[in-house]
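Asks: Here is my input, please return the structure:
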Amino acid sequence: MPDATRAAFIPADTITPERDITHEHFAPGDRIVVIKGVDDGILWGDAMTVVTPSWHTPTNEDGWRLRDADGGTRSFVTGHPRYLVHLSKSCPDCLIYQRALQDYLVPRFTGSQAVDVGWYSITELGQLVHVADGRGGSR
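Replies: Reported below is the predicted structural model:
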């Protein structure tokens, strides 16, 4: 992940909350990315590996336990399937979602510095949560 600055203006995410992706779309061992921003005209995010099914408390839906190989303060988080994009394979659903995010975000951030659009946070329970799915207790 690049050293990103937080965007002064956080654009509303109208794409991710409407994404219709099933839990079964992903499987243990899949490499995924959670798109978090733009860096010099391309999307960037946190790459992780899908580990096992796990309840996603912020949405009260089936989620996936994800492992960040780089570790850091959170080696494992749980995320909802609609946040995830395949890295390990080129599937049409993920490519369409990624392209929609690219068309939406890249024109808004044209500089060469990495920008975090601020759509995600992690709760005290290690749950990755999107601003549209947020509940109390996220940080």
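Asks: In terms of pLDDT, where does the most centrally placed residue in the chain sit?
Replies: For the chain, the residue sitting closest to the mean C-alpha position, by C-alpha atoms, centre = their mean, is residue 34 at 2.6 Å. The score at residue 34 is 97. That number is its pLDDT.
Asks: Which strand residues bridge it?
Replies: residue 46 (DSSP bridges).
Asks: Distance-wise, check it relative to residue 112.
Replies: According to C-beta to C-beta, to the nearest Å, residue 34 stands 22 Å off from residue 112. All C-beta spots, glycine's among them, are computed from the backbone N, C-alpha and C.
Asks: How about residue 45?
Replies: Applying C-beta to C-beta to residue 45 and residue 112 gives a distance of 18 Å.
Asks: again with residue 102
Replies: Taking C-beta to C-beta, one finds residue 102 at 17 Å from residue 112.
Asks: quick one, which of the two is more surrounded?
Replies: For residue 102 versus residue 112, neighbours defined as other C-beta atoms under 10 Å are more numerous around residue 102 (15 against 8).
Asks: could you give the mean pLDDT of stretch 131-139?
Replies: 64.
Asks: try stretch 48-64
Replies: Taken as a whole, stretch 48-64 has an average pLDDT of 95.
Asks: Just the CA trace of stretch 78-93, in PDB.
Replies: Below are the C-alpha coordinates for stretch 78-93, written out as PDB (Å, rounded to 0.1, in the frame of the first residue of the first chain):
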ATOM      1  CA  THR A  78     -13.400  -9.800   8.200                       C
ATOM      2  CA  GLY A  79     -15.000  -8.200   5.200                       C
ATOM      3  CA  HIS A  80     -18.200  -8.400   3.200                       C
ATOM      4  CA  PRO A  81     -18.000  -9.900  -0.300                       C
ATOM      5  CA  ARG A  82     -19.100  -6.700  -2.000                       C
ATOM      6  CA  TYR A  83     -15.900  -5.000  -0.800                       C
ATOM      7  CA  LEU A  84     -13.600  -7.600  -2.500                       C
ATOM      8  CA  VAL A  85     -12.100  -7.900  -6.000                       C
ATOM      9  CA  HIS A  86     -10.300 -11.000  -7.200                       C
ATOM     10  CA  LEU A  87      -6.600 -10.700  -7.900                       C
ATOM     11  CA  SER A  88      -6.000 -14.400  -8.400                       C
ATOM     12  CA  LYS A  89      -8.400 -14.700 -11.400                       C
ATOM     13  CA  SER A  90     -10.100 -12.500 -13.900                       C
ATOM     14  CA  CYS A  91     -13.800 -12.900 -13.400                       C
ATOM     15  CA  PRO A  92     -16.300 -10.700 -15.200                       C
ATOM     16  CA  ASP A  93     -18.100  -9.500 -12.000                       C
END
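Asks: Perfect, that will be all.
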